[in-house]
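Show me the folded form of this:
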Amino acid sequence: MMYGLEGKVAVVTGVGRPRGIGRATALRLAREGARVVLADLGQGMAQIENDIRGVSPDLARVAAEVEEAGAEVLAVPADVSSPSDVETLLQRTVDHFGRVDIMVSNAAILADRNQNPLELPESIFARVLAVNLTGTFLCAQAAAKHMVQQGEGGSIITIGSRAARRGMPNLIAYSSSKFGVIGLTQSLALALAPHGIRVNCVCPGAVDTDMASEGQEIQAADMGIALDDLKAQLGSEIPLGRLTVADDLAKAIVWFASPESSHLTGQSLNVNGGSLMS
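Below you'll find the predicted structure:
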């Protein structure tokens with residue numbers, strides 16, 4: 001342990017994917033001594049009455065991994081686009097652990113991948129913004145309210161994207177939502193600075209995660225090559241020679257959560273292996 005997070009309470013959303021940023025972040029926070037609250041959409045409580053945890057199998061799996069890493073853990077099914085779900089998530093956090101110190105707003109969807117913007121349904125555009133941007137706002141707002149009441153500051157980390165740095169023609173909803181996340185981060189940082197609450201953003205570049213692989217599979221098929229060959233090609237275009245992986249992002253997120261970055265707020269950090277394309 002090196003980041004001074006022993007006993008801190010961290011909420012991480014979007015933890016369900018096996019190779020995702022949320023899971024990697026939760027595990028790294030656990031290894032640094034934090035108590036971790038895991039949130040993911042998963043399935044509703046009524047749909048999974050046979051699960052003793054009362055959460056989805058994906059969420060239960062990550063909770064078990066975090067426990068094995070030595071952390072106290074609470075798992076809460078939540079749709080971050082729902083104000084009531086987010087309010088419940090934070091209230092259960094405070095009821096269980098007594099406080100919240102760190103919010104990692106990671107949950108996101110990429111529902112407009114490879115869609116012609118002239119044919120993109122408004123419903124898909126709205127849903128992407130509801131999860132990626134409004135969800136980030138709701139989580140940050142709810143966490144900040146508790147942090148202000150506690151009077152001891154805190155750290156909120158949002159997740160951007162290389163699509164937040166430059167527009168992408170067939171990702172207009174996702175790119176718009178992630179551009180908004182950077183603006184939200186900067187605005188909240190200024191608003192919350194008097195309370196000692198820092199707000200920063202981590203922006204992945206080309207990544208090897210479950211969500212990215214879904215699009216890479218389509219791209220590889222269109223090119224007539226194997227997925228692994230496409231990933232090798234994409235990695236070779238990055239100065240450090242490989243695709244970014246979830247743990248690369250987790251390291252930056254945990255650093256932003258820690259006192260080691262105590263004089264940083266309103267920042268958006270690229271974690272991309274040195275790529276100038278994001």
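
give me the low-pLDDT residue ranges for the stretch 1-150 of the chain?
1, 42-55 (pLDDT under 70).

can you pull out the helices in it?
21-31, 57-68, 83-97, 122-129, 135-150 (DSSP state H, counting those that start in this stretch).

Dump those into a markdown table; add distance to S161 and mean neighbour count as well.
For the C-beta atoms, the positions are set from N, CA and C on the backbone; glycine is no exception. Output for the helices of the stretch 1-150 of the chain, formatted as a markdown table (distance: least, C-beta to C-beta, whole Å; neighbours: other C-beta atoms under 10 Å):
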| stretch | distance to S161 | mean neighbour count |
| --- | --- | --- |
| helix 21-31 | 11 | 26 |
| helix 57-68 | 22 | 19 |
| helix 83-97 | 21 | 17 |
| helix 122-129 | 12 | 15 |
| helix 135-150 | 12 | 21 |
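
Dump those helices into JSON lines; add distance to L264 as well.
Output for those, formatted as JSON lines (distance: least, C-beta to C-beta, whole Å):
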{"stretch": "helix 21-31", "distance to L264": "18"}
{"stretch": "helix 57-68", "distance to L264": "26"}
{"stretch": "helix 83-97", "distance to L264": "24"}
{"stretch": "helix 122-129", "distance to L264": "27"}
{"stretch": "helix 135-150", "distance to L264": "16"}
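
I159: which of the ones you listed is closest?
Checking these against I159 by C-beta to C-beta gives helix 21-31 as the closest, at 6.6 Å.

Show me this protein divided up by domain.
Listed domain ranges for the chain are 9-205+245-271, 208-243 (source: automatic domain parsing).

still on that earlier bit, out of the helices of the stretch 1-150 of the chain, which is closest to Y3?
Nearest to Y3, of all the helices of the stretch 1-150 of the chain, is helix 21-31, at 9.1 Å by C-beta to C-beta.

Which residues does that closest one contact?
Outside helix 21-31, the residues that touch it by C-beta atoms under 8 Å, 6 or more residues apart in numbering are 1, 5, 10, 12-17, 36, 38, 40, 62, 65-66, 69-71, 73, 102, 104, 106-107, 159, 204, 209, 245-247, 249-251, 253-254, 257.

Would you confirm that G7 contacts E32?
No - shown here, G7 and E32 do not form a contact pair, counting by C-beta atoms under 8 Å, at 10.5 Å.

Apart from its chain neighbours, what residue comes closest to G22?
The shortest distance from G22 to any non-neighbouring residue, by C-beta to C-beta, 6 or more residues apart in numbering, is to V15 (3.7 Å).

who are the neighbours in contact with the one you found?
Neighbour list for V15: G22, R23, T25, A26, L38, A39, D40, L59, V62, N106 [criterion: C-beta under 8 Å, 6+ apart].

now the strands: where do they sit in the stretch 101-250 of the chain?
Using DSSP state E, counting those that start in this stretch, the strands of the stretch 101-250 of the chain run over residues 102-105, 154-159, 197-204.

circling back to that earlier point, so which of the helices of the stretch 1-150 of the chain is nearest R166?
Nearest to R166, of the helices of the stretch 1-150 of the chain and by C-beta to C-beta, is helix 122-129 at 17.5 Å.

returning to that earlier point: buried deepest among the strands of the stretch 101-250 of the chain, which one?
strand 102-105 (a mean of 30; mean count of other C-beta atoms under 10 Å).

That one: partners in the sheet, and parallel or antiparallel?
Strand 102-105 has the following strand partners under DSSP bridges: strand 9-13 (parallel), strand 154-159 (parallel).

mind checking which of those is nearest S176?
strand 154-159 (15.2 Å).
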